[in-house]
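>>> here's a sequence, model it:
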Amino acid sequence: MTKIDLDFVRGQFPAFASPAAAQHAFFENAGGSYACAPVINRLHRFYTERKVQPYGPYPAAQAGGAEMDEARARLSAMLGVEKDELSFGPSTTQNTYVLSQALRGWLKKGDAIVVSNQDHEANAGFWRRLADDGIDVREWKIDADTGHLDPSALKAILDDKVRLVCFPHCSNVVGEINDVAAITAIAHAAGARVIVDGVSYAPHGFPDVAALGCDVYMFSAYKTFGPHQGIMVIRRAFGFELPNQAHYFNAGSLYKRFTPAGPDHAQIAASAGMADYFEAFSAHHGGPAQGAAAARFAHDLMRAHEEDLLAPLLDYLKARNDLRLIGPSNAAVRAPTVAVALDRRGDAVAQDLSQHGIACWGGDFYAVRPLAAMGVDPEKGVLRMSFVHYTSAADVDRLIGALQKVL
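As a prediction, the model looks like this:
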């Protein structure tokens, strides 16, 4: 497979030219990635040339509306879904909250839902609150030693009362990539709808949501090199089953039904820059130049690069006897989001690493339930080191060297 041209890649991210960023190797990507130049340029252009109410009968308004439509059309194509099945919101947490309010009107007392304890609380918390309305909330438990979410354990808690199964594509501390397509097939066979939190997976390449088969897939643009927006795919059949959460006159528009507040015009328009970047990345490396094919090519190349870099870091960590590696030690089955439990507080170790040129962080990362289930003290939290495709082998070597000094 083609190797990533890191000079080209880093040239697409202005942060790498910043003196402040140059001082540290960046391993806090799970908290938010650097924004790519096409996104920044589009955002600047919108604010300087098109910051008017979009879709009006004059040039600036027409241009602004066209860019918003372009972002939805191009990103939905990359994800393998229809244009109106993709909507934007202020954040994935906000999108999840709005969706949970729709589910209050869809579920009936006595219905059951399944939520895993591998989830980030922003995904799991809203579903769990449905218990206040008489919904039976069943917990799909992880393995306390490994953090693994076993599909056979899901089968054991499914029956004809379960209407919804919610789980992450991968956890923001465990890192293991769940087989979304297989799990979705199990849930659908039992008559349940499926909601997937893709926030921790999508930064490593846009997924083919159609191939995954789930009914809802959500992720954050600010973790996929874009602006601070939440992106939600909701498939048409499910979207129109749920009660409308927007103005009554928008009930017939799928992408407006779950956006009760006015959209952020500029950030939606700037999101087309993510598509610009993925297509440019693919074309530069000899792949397809447009659309879903470019996204698939970019996904595979990014994942291969990340696996190559992740393997030596995992090998180093699992060889130490003074820490606990959370999640699998096989780079092929996990995202490069690596958490370790230590005798010290994770945030204190992160502060020490900063003195050696490493930017990362420590804490519970809203993953209190999985950490507690694995016997990790949430007060101490974990040290988390996360990277994406613009990370270099030299960065990983620098991280390992810093860990050697600090631990």
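
>>> next secondary structure after the helix or strand encompassing residue 42?
In this assignment (DSSP states H and E), residue 42 forms part of helix 37-49. As assigned by DSSP H and E, the chain's next helix or strand after helix 37-49 is helix 59-79.

>>> specify the angle between that next one and helix 37-49 in degrees.
Computed with axes from the mean of the first three to the mean of the last three CA atoms, to 10 degrees, the direction of helix 59-79 lies at 160 degrees from that of helix 37-49.

>>> for helix 59-79, name the packing helices and strands.
Counting contacts by 3 or more CB pairs under 8 Å, 6 or more residues apart in numbering; DSSP states H and E, helix 59-79 packs against helix 37-49, strand 86-89, strand 230-234, helix 265-270, helix 272-284, helix 291-318. C-beta here means a position set from N, CA and C on the backbone, and glycine is covered the same way.

>>> mind redoing it with 6 Å?
helix 265-270, helix 272-284, helix 291-318 (3 or more CB pairs under 6 Å, 6 or more residues apart in numbering; DSSP states H and E).

>>> and it, how far out from the chain's middle?
In terms of CA atoms, centre = their mean, to the nearest Å, the centre of helix 59-79 is set 22 Å apart from its chain centre.

>>> packing partners of the helix holding residue 42?
helix 265-270, helix 272-284.

>>> now it: buried residues?
37, 38, 39, 40, 42, 43, 45, 46 (16 or more other CB atoms under 10 Å).

>>> follow-up on the earlier one: can I get the helices and strands packed on helix 59-79 in CSV with mean neighbour count and mean pLDDT?
Listed next are the helices and strands packed on helix 59-79 as CSV, based on neighbours: other CB atoms under 10 Å; pLDDT from 0 to 100:
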stretch, mean neighbour count, mean pLDDT
helix 265-270, 24, 98
helix 272-284, 22, 98
helix 291-318, 19, 98
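
>>> quick check: which of those is nearest to residue 242?
helix 265-270 (22.0 Å; CB to CB).

>>> which parts of this structure are strands?
25-26, 86-89, 112-116, 136-140, 162-168, 193-197, 216-220, 230-234, 324-325, 337-341, 358-359, 361-363, 382-386 (DSSP state E).

>>> so which of the buried residues of helix 37-49 comes closest to residue 181?
Of the buried residues of helix 37-49, the one sitting nearest to residue 181 (CB to CB) turns out to be residue 39, at 29.6 Å.

>>> grab the nearest non-local neighbour of that closest one.
Residue nearest to residue 39 in three dimensions, not counting chain neighbours: residue 273, with 3.4 Å by CB to CB, 6 or more residues apart in numbering.

>>> same thing with residue 55?
Residue 55's closest residue in space is residue 65 (CB to CB, 6+ apart), at 3.8 Å.

>>> just residue 145 next, same as before
Nearest to residue 145 is residue 374, by CB to CB, 6+ apart, at 7.4 Å.

>>> give me the phi and psi for that neighbour.
phi -90, psi 10 (degrees, to the nearest 10).

>>> what about it, how many neighbours?
Using other CB atoms under 10 Å, residue 374 has 23 neighbouring residues.

>>> low-confidence ranges, this structure, go.
Of all residues in the chain, those with pLDDT under 70 make up the ranges 1.

>>> tell me the domain boundaries of it?
6-35+294-406, 44-275 (automatic domain parsing).

>>> of these, which is nearest residue 281?
Closest among these, once you apply CB to CB, is domain 6-35+294-406, at 5.0 Å.

>>> quick one: that closest one to chain centroid distance?
That offset, for domain 6-35+294-406, works out to 15 Å (CA atoms, centre = their mean).

>>> kindly report the same for stretch 222-240.
For stretch 222-240, the distance to the chain centre is 10 Å (CA atoms, centre = their mean).
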